[in-house]
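Visitor: okay, sequence plus prediction incoming.
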Amino acid sequence: MRNITLHRSSTHKFILLNESEPGDEGGIRSNQYLIMEGGAAVLLDPEDSG
């Protein structure tokens, strides 16, 4: 599993968490995002509406 940084600046980060490695069939895709701004952070966990 790996995390993917989608955006990074001096005070801001937007990260996709726990993306499965290519070919890793044992991994679970979490579809969670971490947004960090200065010393604050929020974890987004979008619900599947389907």
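Guide: Now that the structure is in, tell me what you want to look at. Residues are numbered from 1 along each chain as shown.
Visitor: just give the nearest non-adjacent residue to the residue nearest the centre of the chain, would you?
Guide: Centroid-nearest residue in the chain, with CA atoms, centre = their mean: L16, separated by 1.9 Å. Sequence neighbours aside, I4 is the residue nearest to L16 in space, at 4.4 Å (criterion: CB to CB, 6 or more residues apart in numbering). Every residue, glycine included, has its C-beta placed from N, CA and C.
Visitor: each with direction, which strands does the worst-scoring helix or strand of the chain on mean pLDDT pair with?
Guide: Ranked by mean pLDDT, DSSP states H and E, the weakest helix or strand in the chain is strand 12-19, scoring a mean of 88. If you go by DSSP bridges, strand 12-19 pairs up with strand 2-8 (antiparallel), strand 32-37 (antiparallel).
Visitor: so which of the ones you listed gets nearest P46?
Guide: For those, proximity to P46 was assessed by CB to CB; strand 32-37 is nearest, at 7.9 Å.
Visitor: list the buried residues in that closest one.
Guide: Y33, L34 (16 or more other CB atoms under 10 Å).
Visitor: okay, the closest residue to P46 other than its chain neighbours: pLDDT?
Guide: Of all residues not flanking P46 in the chain, N31 sits nearest, at 6.0 Å (CB to CB, 6+ apart). Here the pLDDT value assigned to N31 is 79.
Visitor: does G38 touch T11 like I think?
Guide: Yes: shown here, G38 and T11 form a contact pair, counting by CB atoms under 8 Å, at 5.3 Å.
Visitor: count of residues packed around the closest residue to L6 other than its chain neighbours?
Guide: The shortest distance from L6 to any non-neighbouring residue, by CB to CB, 6+ apart, is to F14 (4.7 Å). Around F14 there are 16 other residues, counting by other CB atoms under 10 Å.
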